[in-house]
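S.K.: mind folding the following:
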Amino acid sequence: MKILAIESSCDEFSISIIDDGKILTNIISSQIEQHVNFGGVVPELAARLHLENISWVIKAALDTTNTKVETIDYVAYTEKPGLIGSLIIGRLVAETIASYINKPLMPLHHIEGHIYGASIENEFIYPVLAMVVSGGHTQIEIVNSPNDFKVVGTTLDDAIGECYDKVARVIGLEYPGGPKLDKLAKEGNQTAFKFPISKNDESYDFSYSGLKTAVINLIHNLNQKNEEIPVADIAASFQYAATKIVETKLAKAIEEFKPKTLTVAGGVSANSEIRKIIIELGQKYGISNTFVPKMEYCTDNAAMIAKLAYEKLKISK
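M.R.: Model prediction:
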C-alpha cells in the first residue's frame with residue numbers, strides 16, 4: 001500500500017511517500033528565509049510561494065523514490081487547520097493527482113498528523129497521552145486509535161509557540177525566535193525573574209497571554225530606567241515558567257488517564273526543555289513507551305500526514 005501525502009498548512013510545502021508503513025521520502029520546501037523580514041509568516045506570501053514550489057517538490061518526491069505516480073494507491077493531504085490559502089493549494093494539488101490516477105483522496109487533520117509524526121520510528125501502545133505544542137496549539141490529547149482523539153485541555157489564548165516567538169521578538173531575536181530563545185535560555189539563570197505560571201489550577205487548560213505580557217512589561221520597565229536587558233536570564237526565566245506548567249498539567253493527566261504511551265508533538269516538541277520533561281515524566285511514572293519525535297518530524301512535514309493515513313487505512317482493512 002503506497003500513499004502520497006501533502007502538507008501545506010503554513011509556510012512549508014511538503015510531499016512524502018510511504019509504502020507499507022515505511023517512509024520512502026519526505027521532501028520539504030521551507031520558506032523561513034522569505035518571511036524573516038516580516039517577523040512572522042505572511043499568509044498571502046506563503047500561498048504564493050507554495051504555487052512556485054509545487055512542481056519541483058512533486059518531482060523530487062517521485063524521482064528520489066523511483067516512483068511512478070500511477071503506482072500510488074491513496075493521496076492524503078492536510079485539510080485543516082491552517083492558513084486558508086495554503087490549505088486550498090494543498091487540497092487542489094491532492095485533488096488533481098487523485099483525479100489523474102483515479103485513486104481515493106484522504107483529507108486529514110494537521111494536529112492528528114503531528115501526533116502520529118512522533119510514531120514514525122516508534123509504535124503507539126494505546127491509550128496514548130500526547131502533549132501538542134506548536135505555534136497555534138497547546139493541547140493535551142488522549143488517543144485511543146487513529147480514529148479516536150480526545151482533547152482534554154487546550155490553550156485559552158496564546159499558544160506556547162506563539163508566546164515563544166513574541167517574547168523572542170521583544171528581546172531582539174530574529175524570526176523564528178523560539179529555537180533561538182531555547183538556545184539562549186541555556187546561558188541564563190532561570191531564577192533571575194519570577195514570571196507567572198499561568199492557569200496553574202485543576203484544569204488541563206493553558207494560558208500564555210499573561211506570561212507574554214509579564215515579560216514585555218519587564219523589558220519596558222528596564223528600558224524606561226535605562227537599565228541593561230539581561231536577555232539570557234529573561235530567556236531562562238521565561239522558559240522555566242512556560243514549560244513548568246506543561247510538566248505540572250501532564251503529570252496530573254498521567255495520574256488520571258494512566259496512558260501506556262507518552263509523547264509530544266508539534267513544532268515546539270523540538271524545544272530542549274519540553275523534550276527533557278517528557279522523558280523525565282515517562283521515567284518517573286514508569287511509562288516504558290515514552291518517546292519524543294525525531295527533530296526532522298517536529299516541524300510541519302508530509303511524513304506525519306503519510307503516517308496518519310497509513311495507520312487509519314491499516315485499521316480499516
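S.K.: for the residue nearest the centre of the chain, give me its contacts.
M.R.: Central residue of the chain (CA atoms, centre = their mean): Gly266, 1.7 Å from the mean position. Shown in contact with Gly266 (CB atoms under 8 Å, 6 or more residues apart in numbering): 111, 114, 132-134, 137, 161, 298. Any C-beta I mention is one placed from the backbone N, CA and C, and that applies to glycine too.
S.K.: before we move on, what about Ile279?
M.R.: Taking CB under 8 Å, 6+ apart, one finds 290, 292 in contact with Ile279.
S.K.: correct me, but Leu108 touches Pro81?
M.R.: No. Proximity of Leu108 to Pro81 does not meet the contact threshold set by CB atoms under 8 Å, at 11.5 Å.
S.K.: of the two, who's got more company?
M.R.: Leu108 (23 against 14; other CB atoms under 10 Å).
S.K.: so who does the more buried one touch?
M.R.: Contacts of Leu108 (CB under 8 Å, 6+ apart): 76-79, 305, 308-309, 312.
S.K.: distance check, it against Leu281.
M.R.: 28 Å (CB to CB, to the nearest Å).
S.K.: for Leu24, helix, strand, or coil?
M.R.: strand (DSSP: H, G, I helix; E, B strand; the rest coil).
S.K.: distance check, it against Glu256.
M.R.: Taking CB to CB, one finds Leu24 at 39 Å from Glu256.
S.K.: neighbour count winner among the two?
M.R.: Neighbours were counted for Leu24 and for Glu256 using other CB under 10 Å; Leu24 has more, 18 against 12.
S.K.: hang on, Ile125 packs against Lys260?
M.R.: Yes. Contact criterion CB under 8 Å: Ile125 and Lys260 qualify, at 4.3 Å.
S.K.: so for the two, which residues contact both of them?
M.R.: Counting by CB under 8 Å, 6+ apart, the common neighbours of Ile125 and Lys260 are Asn289.
S.K.: may I see the buried residues of stretch 88-97?
M.R.: Of all the residues in stretch 88-97, those buried under the rule 16 or more other CB atoms under 10 Å are 89-91, 93-94, 97.
S.K.: and stretch 212-221, by the same measure?
M.R.: Quick answer for stretch 212-221 (16+ other CB under 10 Å): 212-215, 218-219.
S.K.: now stretch 268-283
M.R.: In stretch 268-283, counting by 16+ other CB under 10 Å, buried: 268-271, 273-275, 277-278, 281-282.
S.K.: measure the nearest residue to Ser134 once chain neighbours are set aside to Ala130 for me?
M.R.: Nearest non-adjacent residue to Ser134, counting by CB to CB, 6 or more residues apart in numbering: Gly266, 3.3 Å away. Counting by CB to CB, the separation of Gly266 from Ala130 is 9 Å.
S.K.: lowest average confidence, helix or strand, in the protein?
M.R.: helix 32-35 (a mean of 72; mean pLDDT, DSSP states H and E).
S.K.: past that one, which element shows up next along the chain?
M.R.: helix 43-64 (DSSP states H and E).
S.K.: dump that next one to CSV, restricted to CA.
M.R.: Presented in CSV, the C-alpha positions along helix 43-64 are these (Å, rounded to 0.1, in the frame of the first residue of the first chain):
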residue,chain,number,x,y,z
PRO,A,43,-0.3,34.2,4.6
GLU,A,44,-0.5,35.6,1.1
LEU,A,45,3.2,35.2,0.6
ALA,A,46,3.1,31.6,1.9
ALA,A,47,0.4,30.7,-0.6
ARG,A,48,2.2,32.3,-3.5
LEU,A,49,5.5,30.5,-2.7
HIS,A,50,3.6,27.2,-2.4
LEU,A,51,2.5,27.7,-6.0
GLU,A,52,6.1,28.4,-7.1
ASN,A,53,7.4,25.3,-5.4
ILE,A,54,4.8,22.7,-6.3
SER,A,55,6.5,21.3,-9.4
TRP,A,56,9.9,20.7,-8.0
VAL,A,57,8.6,19.2,-4.7
ILE,A,58,6.5,16.7,-6.6
LYS,A,59,9.3,15.8,-9.0
ALA,A,60,11.8,15.4,-6.2
ALA,A,61,9.5,13.1,-4.2
LEU,A,62,8.8,10.9,-7.2
ASP,A,63,12.4,10.9,-8.5
THR,A,64,14.1,10.2,-5.2
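S.K.: and that helix, which residues are buried?
M.R.: 46-50, 53-54, 57-58, 61-62.
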